[in-house]
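1. whatever this is, show me its structure:
(one chain, ligands or ions: 1)
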Amino acid sequence: MASSKKAQSVSPLAPLGIEAAMKAKEDPNSVVRPKIFDEFALTDRVGLVSGGNRGLGLEMAIALAEAGAQVVYCFDLSKEPSEEFKASREYVSKLGNGSRLEYFCADVRNQELLWKKAEEIGDKEQRFDFCIAAAGILKPHVECLEYPGHEFRDVMEVNTTGVLFTAQAAGRQMARFGRGGSIILIASMSGSITNRDHAWVSYNTSKSAVLQMARSMACELGEQRIRVNTLSPGYIYTQMTTAYLDKEPHLFDKWSGMNPLGRLGRPDEMRGVATWLASDASSFLF
Ligand SMILES: NC(=O)c1ccc[n+]([C@@H]2O[C@H](COP(=O)([O-])OP(=O)(O)OC[C@H]3O[C@@H](n4cnc5c(N)ncnc54)[C@H](O)[C@@H]3O)[C@@H](O)[C@H]2O)c1
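-> Okay, the predicted model is just below:
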């Protein structure tokens, strides 16, 4: 009875932790070495990051490459990759671990294109392991009672519908290969708390919907070992937020004071958590 329960799931890196310690006790000649960073490794894995041309998306794509991902496909709007992307691609190629970044021009609102491109990636790589849906937009302040319909739809279309299409594209390939996978949807603290100072009804609503989307998808896909989680960053200094901070410098102190650390986040502070979520180190997180 005990052994069949144990066999429900076994880490590919087993034995770990206490089990490893007990084995080492039984066999004093066994080789003992740290394994915790092996659990975070993404060696040979393949995936996509939307919004990967700059900002948090690109920052996380580099981290996944550093963790050993074979290739991270970065999807974004512009036809040509940015200078930042090109420098990052070059940087990754010099890491010496065989990882690479690739750029693909895709609008996350185009379901057909996303599904097709992900399928092509699957055909080529014969696997699909992770996905970060980071493409997002923030439209200028307009009070909720005046918020124009087309602007509201635009934000929902990218931040919610586009996130679904991205997750679907990757999830379909994960299901096809049957090896599980990790889907990470970038929400925002704005999806959980409501900031009284900002007229951000579209952004807040779109991010809140992503939280529920993740719960729903996680419940449907869990049996296939496809995990779906969200990340909800606080304010981080990127081009999205500089649009506000540069115009209204008083917001810098105000936003900094809104969290216990008293400062804005740095894009590189997404590196660890993104790698953790994409890797087996978070295998029971859903
Ligand atoms: N910066 C913050 O403080 C913060 C906080 C919480 C959540 N977020 C979220 O993190 C994600 C990344 O934000 P960022 O700060 O890096 O912003 P950013 O504006 O620097 O990057 C967003 C990227 O998404 C791309 N994008 C926009 N619409 C797209 C579309 N239709 N198809 C494909 N790509 C599209 C943009 O071209 C851009 O490269 C967003 O979802 C954002 O809402 C950011």
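
2. show me what residue of the stretch 101-250 of the chain gets nearest to the ligand.
-> In the stretch 101-250 of the chain, the residue that lies nearest the ligand is Gly136 (2.3 Å; Cβ to the nearest ligand atom). C-betas here are computed from N, CA, C, even on glycine.

3. check the secondary structure at the closest residue in space to that residue that isn't next to it in sequence for me.
-> Spatial nearest neighbour of Gly136, chain neighbours left out: Asn159 (5.0 Å); criterion: Cβ to Cβ, 6 or more residues apart in numbering. What DSSP: H, G, I helix; E, B strand; the rest coil gives for Asn159 is helix.

4. in contact with Asn159, which residues?
-> Listed by Cβ atoms under 8 Å, 6 or more residues apart in numbering, the contact partners of Asn159 are 136-137, 203, 206-207, 210.

5. how about Val49, secondary structure?
-> strand.

6. thought it was touching Ala134?
-> Yes - counting by Cβ atoms under 8 Å, Val49 touches Ala134, with 6.0 Å between them.

7. with neighbour numbers in mind, choose between those two.
-> More crowded of Val49 and Ala134, by other Cβ atoms under 10 Å: Val49, with 33 against 28.

8. contacting residues for that one?
-> Counting by Cβ under 8 Å, 6+ apart, Val49 has contacts 57-58, 60-61, 64, 72-75, 131-132, 134.

9. just flag the most distant two among those.
-> Largest separation among the contacts of Val49 by Cβ to Cβ: Leu58 and Cys131, giving 15.2 Å.

10. which phi and psi values does the residue minimising distance to the centre of the chain adopt?
-> Nearest residue to the geometric centre of the chain (Cα atoms, centre = their mean): Ile132, 3.0 Å. Main-chain dihedrals, Ile132, degrees, to the nearest 10: phi -120, psi 120.

11. so is the helix of greatest length in the chain next to the ligand?
-> Longest helix in the chain, counting residues (DSSP state H): helix 201-221. No - counting by Cβ under 6 Å from any ligand atom, the ligand is not contacted by helix 201-221; separation bottoms out at 6.7 Å.

12. after that helix comes which helix or strand?
-> Remark: after helix 201-221, the chain's next helix or strand is strand 226-231, criterion DSSP states H and E.

13. for that following strand, packing partners?
-> Secondary-structure packing of strand 226-231 (3 or more Cβ pairs under 8 Å, 6 or more residues apart in numbering; DSSP states H and E): helix 162-177, strand 181-186, helix 201-221, helix 271-278.

14. partners of that strand in the sheet?
-> Sheet partners assigned to strand 226-231 using DSSP bridges are listed as strand 181-186 (parallel).

15. what parts of the stretch 101-250 of the chain come near the ligand?
-> Counting by Cβ under 6 Å from any ligand atom, the positions of the stretch 101-250 of the chain adjacent to the ligand are 107-109, 134-137, 158, 162, 186, 188, 233, 235-236, 238-241.

16. tell me which helix or strand comes right after the lowest-mean-pLDDT helix or strand in the chain.
-> One helix or strand of the chain scores below all others by mean pLDDT, DSSP states H and E: helix 2-6, with a mean of 54. Where DSSP H and E defines the elements, the next helix or strand beyond helix 2-6 is helix 17-26.

17. what about that following helix, average pLDDT?
-> For helix 17-26, mean pLDDT rounds to 96.

18. before we move on, what about stretch 43-53?
-> 98.

19. is it up against the ligand anywhere?
-> Yes - applying Cβ under 6 Å from any ligand atom, one finds stretch 43-53 in contact with the ligand at 50-51, 53.

20. relative to Thr194, how far out is Val201?
-> Val201 sits 10 Å away from Thr194, going by Cβ to Cβ, to the nearest Å.

21. kindly apply the preceding question to Ala218 instead.
-> From Ala218 to Thr194 the distance is 24 Å (Cβ to Cβ).

22. the nearest residue to Tyr73 once chain neighbours are set aside: what's it in contact with?
-> Nearest non-adjacent residue to Tyr73, counting by Cβ to Cβ, 6+ apart: Leu48, 4.3 Å away. By Cβ under 8 Å, 6+ apart, the residues touching Leu48 are 72-75, 118, 121, 130-132, 166, 169-170.
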